[in-house]
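# got a structure for you, letters missing:
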C-alpha cells in the first residue's frame, strides 16, 4: 500500500459477499440475511432505473463455512449492489451515474474483499499448526462504530475510515473475529481508486492479543528483506 495511506482528513462514504440461510426478520418485518443481518437484496430493477444492470454474480475465492467442502462466497451483482446503495439512502436521480460506473464499483468492491481475505490468511499463519483451512462464517458492516485504533489515528490528524467490517472466521471449529477498517487514499497513476485496508484480529481473546504483539515485534525488529 502507498506510504501515505491512510490519508489526511477529507472525505467519506462507504459500502459487501452474500449468502442464503434460515429466515430472519428485521424490526420492519423484512427478511434479513442471517450472515450479515441486512435485508436480502433483490435482483429486480428499481422503478425508473435509468439503465439495465447485470445480474451476474462473481464467485469469490473466500471459502464459506457451514456449506460443502468447496463452497465459496458469492459477490452481489451490479443490480443487487445498485439496489443496496439506493436502500442506504443514495439518490441515483441526483448522481451522474453511468452504466459502466457500476462495473467499476463492483470491481473495486470485489477486489477489496479478496485483499481483505489475503490479509486474514496472513494472520491465520500464526495458527497453521492447528488449522490449515480457515473459512469465513459471516460478516457485518459497522461503518459508524469506530475502533479505538481508528480514533487514535484521527486524533493524530488522519481521516477516519469510511467503512468498517467485522468478519467471523471459522478456524477449524473455533470462531474468531477480525476487524477491517477501510481508508481512502490518494489516487496514483496505476490505481485510480486505492484503498488501504487495516486488517487485524479483534482484541477479544488472549490469543488475538498475543498475535498482535508478535506481529508488532516482528515489524519493529525485522530487516527490510525479512
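Great, that's in hand. Note that the coordinates shown come from a computational prediction; the quantities given were computed from them, not determined experimentally.
# could you use CA atoms for every contact and neighbour count after this?
OK.
# which helices and strands sit right next to the longest helix anywhere in the chain?
Using DSSP state H to define each element, the chain has its longest helix at helix 99-124. Here helix 99-124 touches strand 59-63, helix 78-87, strand 195-201, going by 3 or more Cα pairs under 8 Å, 6 or more residues apart in numbering; DSSP states H and E.
# just want the angle from the next helix or strand after it to helix 99-124.
As assigned by DSSP states H and E, the chain's next helix or strand after helix 99-124 is strand 135-141. Angle, strand 135-141 to helix 99-124, by axes from the mean of the first three to the mean of the last three Cα atoms, to 10 degrees: 120 degrees.
# any idea of the mean pLDDT in the strand with the most length in the chain?
The residue-count maximum for a strand in the chain (DSSP state E) belongs to strand 174-184. For strand 174-184, mean pLDDT rounds to 94.
# can you give the strand pairings for it, parallel or anti for each?
According to DSSP bridges, strand 174-184 has the following sheet partners: strand 163-171 (antiparallel), strand 195-201 (antiparallel).
# so how far is residue 88 from the residue lying closest to residue 99 once chain neighbours are set aside?
Sequence neighbours aside, residue 51 is the residue nearest to residue 99 in space, at 6.5 Å (criterion: Cα to Cα, 6 or more residues apart in numbering). To residue 88, residue 51 is 20 Å away according to Cα to Cα, to the nearest Å.
# same question for residue 116.
Distance from residue 116 to residue 88, by Cα to Cα: 23 Å.
# much appreciated, bye for now.
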